[in-house]
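*Asks:* Quick check, what structure comes out for this input:
(2 chains)
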2 protein chains.
Amino acid sequence: MKIALAQINPFIGDFEGNFLKICEGIDKAFALSADLVVFPELSVCGYPTRDFLDYKHFTKASLAIVDRVAAYGKDKLAVIVGSPSFNPAKEGKDLYNTAFLLYQGKIIHTSHKALLPTYDIFDEYRYFEPAHEFSTIDFNGKRLAITVCEDIWNIGNENPLYKVCPMDELIGQQPDIMINLSASPFSYNHAAERIDIAKANAKRYGLPLFYANQVGAQTEVIFDGGSLVVAANGDLIREMPYFEEGVEVFDTDHLMPQKEQPKEKYQLMHDALVIGIKDYFRKLGFTKAIVGLSGGVDSALTVALAVAALGKGNVLSVLMPSQYSSEHSVSDSLELVKNLGSPYKIIPIKEVFDQYDKILQPHFEGLPFNVTEENLQARIRANYLMALSNKFGYILLNTTNKSEAAVGYGTIYGDLCGGIGVLGDVYKTQVYEVCKIVNKDKEIIPHHVTVKPPSAELRPGQKDSDSLPEYPILDPILYEYIENQQGLDEILAKGYDEALVKRVLKLVNRAEYKRYQTPPMLRVSHKAFGMGRRLPIVGKYLE
Amino acid sequence: MKIALAQINPFIGDFEGNFLKICEGIDKAFALSADLVVFPELSVCGYPTRDFLDYKHFTKASLAIVDRVAAYGKDKLAVIVGSPSFNPAKEGKDLYNTAFLLYQGKIIHTSHKALLPTYDIFDEYRYFEPAHEFSTIDFNGKRLAITVCEDIWNIGNENPLYKVCPMDELIGQQPDIMINLSASPFSYNHAAERIDIAKANAKRYGLPLFYANQVGAQTEVIFDGGSLVVAANGDLIREMPYFEEGVEVFDTDHLMPQKEQPKEKYQLMHDALVIGIKDYFRKLGFTKAIVGLSGGVDSALTVALAVAALGKGNVLSVLMPSQYSSEHSVSDSLELVKNLGSPYKIIPIKEVFDQYDKILQPHFEGLPFNVTEENLQARIRANYLMALSNKFGYILLNTTNKSEAAVGYGTIYGDLCGGIGVLGDVYKTQVYEVCKIVNKDKEIIPHHVTVKPPSAELRPGQKDSDSLPEYPILDPILYEYIENQQGLDEILAKGYDEALVKRVLKLVNRAEYKRYQTPPMLRVSHKAFGMGRRLPIVGKYLE
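*Replies:* Purely as a prediction, here's the structure:
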């Protein structure tokens, strides 16, 4: 039998667009003589669907497309797509997360998802009833065991979150082939874990696995694709490309092992950020980005990534020097845009700042320059950027890195503005590593930008290290607290200085109010700020 | 037996503060000769605890307080408090949501929560394993059935979300008394539902119910208290006050019915918003608010509510007229602050606007005045407000109402700024009703403010109705879509105009990116924007 994997990039809620994409996938698989084509989890509506699922009308619309896909594939081949479906039982959640096997114009089988991730960015138990029954389906002389995403992640019942292992339930029915529909998001170490779990499943059950993953970005959540075929002996047959759509066909009787793709952490981060920007713009119908270019490494990298995503003509850099700006802030920025061949503007902020200052002086009662005036400079810049954005239809890219977002080193309504945060899940120390990827063939980001001490340049001689620990000291503590979810005792047990750790944790907790109002931040780690990390603004833990 | 209900206002994660509050409650109950005092759900750590629960250290800290409460109550009386606790099993979620019965210095019983709300603002299955076993406990000659919050909301198994009814499991053990620890949030119709469910439980099981609810605001989520005692025959014995802490004692052998409190919708909304503001400031350690006063009804009501919450000396109104402002925008505002006796400043925006205009003209290529310049005015105002906030330690109150937040009628980084949104869950048509509550004894909000046509005054002669349907037409459609989660077909079936409904739904969906970056909005309905309504920014449903 010939099975095709169709790794597509759906648009959440764009049923007509997703239908066309699925039809294209069917045509390609048919042209490749496939008997069956497998699309990702919830491929008809896109994932993560979030509270659109609270609307019955949404699921009805999705199910109507499932019928149309069945009709479209009728005289071509069998199709497996994912869609929410209604739970007919009185009790339990209203919906299932379902894989539909469509053949000869009809739904011949459904498999509901049993293991519903409800942690980090995942809210599946908010919507879905888990499957309580498990059955295989015979197709084309083979018996198929069809599961959805997380269902294969409790192998040997070793995942403490779950009490059921769907393949353990299905194996008694003696299937010949495992098929899994996934929407498994990218993080820089997740592709390797995915291959491990796929191999472990194949070996445990002695069956080949065909695994179709979603690709593309959905607001801040990025999917890398990398759909998999693993032979019954655990050999990796194929890992489809990252970050691009594709349809490939495999003969179940002739599975030839290939090499997996390289998994260089910072290259993956780079590529993920580029598709994250690209899809945010494309799906919202925008083409042009605007970035405030400060001369620092974060905005330089943001512009470089945006040019990679949108093209050099579509990224406007705006240099907004103040009286506190260094000379190199302008010269380094000009060198960058020259290297990129992208447009720029220079709009100084002094006149507007002086006008604010004049108007506000009587109200400030002779109080000295402080963080107020620093923030005001950042907000004037944001106003310029938003004015240009409004006038010409740019989306403003936010350049805040994860270290800054963590400790609240940024001005709300100032440099924290933007439609999407490019580096909000990239620590400052990692920013330099991603710059190396940008510069690997030739110097795009000027060398000086990557070696000068970080500074907000909002008062004379300011450096980040005046207010914060040096980033190589700060970032590992942040990683323990955020990614590893280690508490105070556990971090101290690793030998860090107590006063320092307490100060850092307090900064992180106190900045919750700022992060609440920042744009979504492209997610590249397994624990990003935003939907995957939900903390109260009014809370006093570790303060 | 004498049972005390202690309706407290905990501070999430402030273990020492909550411990002191619990000790005070114990002292009061002891002084009232109680044998047992009942505190709300998760009273040791506060609710909703959110992802603090991902830190083991947090639960350990909470359990340490449970031990200290046991020691404190030792020679006084028995105490029931709520805290997360560890699930010792290898499988399942790491934590339980637990009620602890403490007596003579020891934990003599635990009851874990079985029904875990995972919808709207609730994420309990993200953290907690449901109880699988149910047991009563004998204390002081009575057998107690102790449950936690949602556990009593599946009476007769009629709640389709759940498959277990904890009291059905417990009733076979022949308890004498039901006790429920709750953190049941306010919405303007929830107190009545709560009494109904409490009465239905008492009648079904023929047992009295003692129900302790949390009170106070936790960022945007408001808890109204109103703790309950219901007799075995379903008579309401006592409904404790709304929006204030208190300890009351009841003799289980002499339960005398009292009247319930009035439940006037707009009075409740008013009182909830006042405590919402008050607790946000108090818990964050701030005392002073700043509001941009436009002459419109939303900012007028916001100032009035802030004065009720913080005191007239603590609310600074800033009038920021532009060349497009009407004369009455200033005169009406001055009348309001005079009525309130609260301070104000007038800071015109023209000079700064002109300076921006001059600087931006060369970049705007002769393009005409449009929404860019409208937004710029709103952003200059936000800059003034934030500058004063930074210089003097005010928290800026956001004045956006729910109708505006729904359709995106507001300027991001302009009038959408603020630390907390006061009216973000109050539709424009409801804003007028809450104004009547403010004005019920004497005119605070000037009559003219409540009758003039709504206008943003950002261009000559502008009215909201230029861009939006009139609010009495708009709000019911929004209510169907947001509160009732009705889809397009269902709304049209109620007889609304198709083009109008499509336009409104599209506006709501397209404004998701703005709502993502607005402050938390005090929740007074059963479906507010924010943590209870989670939609993708990049989505194409109903567009």
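*Asks:* residues of stretch A:211-224 that come out buried?
*Replies:* Going by neighbour count (16 or more other CB atoms under 10 Å in any protein chain shown), the buried part of stretch A:211-224 is A:211-224. Placement of C-beta: from N, CA and C, glycine included.
*Asks:* And chain A, split by domain according to the record?
*Replies:* Domains of chain A are assigned by automatic domain parsing as A:2-255, A:268-464.
*Asks:* Show the contacting residues for the residue lying closest to A:Asp27 once chain neighbours are set aside.
*Replies:* Leaving aside its chain neighbours, A:Asp27 sits nearest to A:Lys76 (7.8 Å; criterion: CB to CB, 6 or more residues apart in numbering or on different chains). Shown in contact with A:Lys76 (CB atoms under 8 Å, 6 or more residues apart in numbering or on different chains): A:26-27, A:30.
*Asks:* Show me how to select, in ChimeraX, the buried members of those residues.
*Replies:* Here is the ChimeraX command that selects the buried residues among the contacts of A:Lys76 (16+ other CB under 10 Å):
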select /A:26,30
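*Asks:* out of the contacts of A:Lys76, who's nearest B:Asn390?
*Replies:* The closest of these to B:Asn390 turns out to be A:Ile26 (CB to CB; 58.0 Å).
*Asks:* so which of the buried residues of stretch A:211-224 are also by chain B?
*Replies:* Among these, the residues that sit close to chain B (CB under 8 Å from any CB of the partner chain) are A:217-219.
*Asks:* Closest one of the residues you listed to chain B?
*Replies:* A:Thr219 (4.5 Å; CB to the nearest CB).
*Asks:* In this structure that closest one contacts B:Val538, no?
*Replies:* Yes: proximity of A:Thr219 to B:Val538 meets the contact threshold set by CB atoms under 8 Å, at 4.5 Å.
*Asks:* Identify the contacts common to these two.
*Replies:* Joint contacts of A:Thr219 and B:Val538 (CB under 8 Å, 6+ apart) are A:Tyr280.
*Asks:* thinking again about what came up before, can you lay out the domains of chain A as TSV showing mean pLDDT?
*Replies:* TSV is the format used below for those (pLDDT from 0 to 100):
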stretch	mean pLDDT
domain A:2-255	97
domain A:268-464	97
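*Asks:* Just tell me which of the ones you listed ends up closest to B:Val449.
*Replies:* Of the domains of chain A, nearest to B:Val449 by CB to CB is domain A:268-464, at 25.0 Å.
*Asks:* Among the contacts of A:Lys76, which lie within strands?
*Replies:* Assigned to strands by DSSP state E, none of these qualify.
*Asks:* In helices only, show me the contacts of A:Lys76.
*Replies:* Residues of these located in helices (DSSP state H): A:26-27, A:30.
*Asks:* hang on, the earlier thing: now the ones next to chain B among the buried residues of stretch A:211-224 in JSON lines, with secondary structure?
*Replies:* Below are these laid out as JSON lines (DSSP: H, G, I helix; E, B strand; the rest coil):
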{"residue": "A:Ala217", "secondary structure": "strand"}
{"residue": "A:Gln218", "secondary structure": "strand"}
{"residue": "A:Thr219", "secondary structure": "coil"}
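*Asks:* Now distance to B:Glu512 too, for these, in JSON lines please.
*Replies:* Output for these, formatted as JSON lines (distance: CB to CB, whole Å):
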{"residue": "A:Ala217", "distance to B:Glu512": "16"}
{"residue": "A:Gln218", "distance to B:Glu512": "13"}
{"residue": "A:Thr219", "distance to B:Glu512": "9"}
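*Asks:* Mind jotting down where the helices sit in the stretch 1-150 of chain A?
*Replies:* If DSSP state H, counting those that start in this stretch is used as the criterion, the helices of the stretch 1-150 of chain A fall at A:15-31, A:56-73.
*Asks:* list the buried ones in the longest helix along chain A?
*Replies:* Longest helix in chain A, counting residues (DSSP H): helix A:371-392. Under the neighbour-count criterion of 16+ other CB under 10 Å, helix A:371-392 has A:372-391 buried.
*Asks:* and stretch A:442-457, C-alpha only, in PDB?
*Replies:* Below are the C-alpha coordinates for stretch A:442-457, written out as PDB (Å, rounded to 0.1, in the frame of the first residue of the first chain):
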ATOM      1  CA  LYS A 442      28.900  37.000   5.400                       C
ATOM      2  CA  GLU A 443      28.700  39.800   8.000                       C
ATOM      3  CA  ILE A 444      25.200  41.200   8.000                       C
ATOM      4  CA  ILE A 445      25.000  42.300  11.600                       C
ATOM      5  CA  PRO A 446      28.000  44.500  12.100                       C
ATOM      6  CA  HIS A 447      30.600  43.000  14.400                       C
ATOM      7  CA  HIS A 448      30.600  46.100  16.600                       C
ATOM      8  CA  VAL A 449      26.900  45.500  17.300                       C
ATOM      9  CA  THR A 450      27.600  42.100  18.700                       C
ATOM     10  CA  VAL A 451      30.500  43.200  21.000                       C
ATOM     11  CA  LYS A 452      29.500  46.500  22.500                       C
ATOM     12  CA  PRO A 453      28.000  46.500  26.100                       C
ATOM     13  CA  PRO A 454      24.200  46.500  26.000                       C
ATOM     14  CA  SER A 455      22.600  49.900  26.700                       C
ATOM     15  CA  ALA A 456      19.100  51.400  26.500                       C
ATOM     16  CA  GLU A 457      20.800  54.800  26.000                       C
END
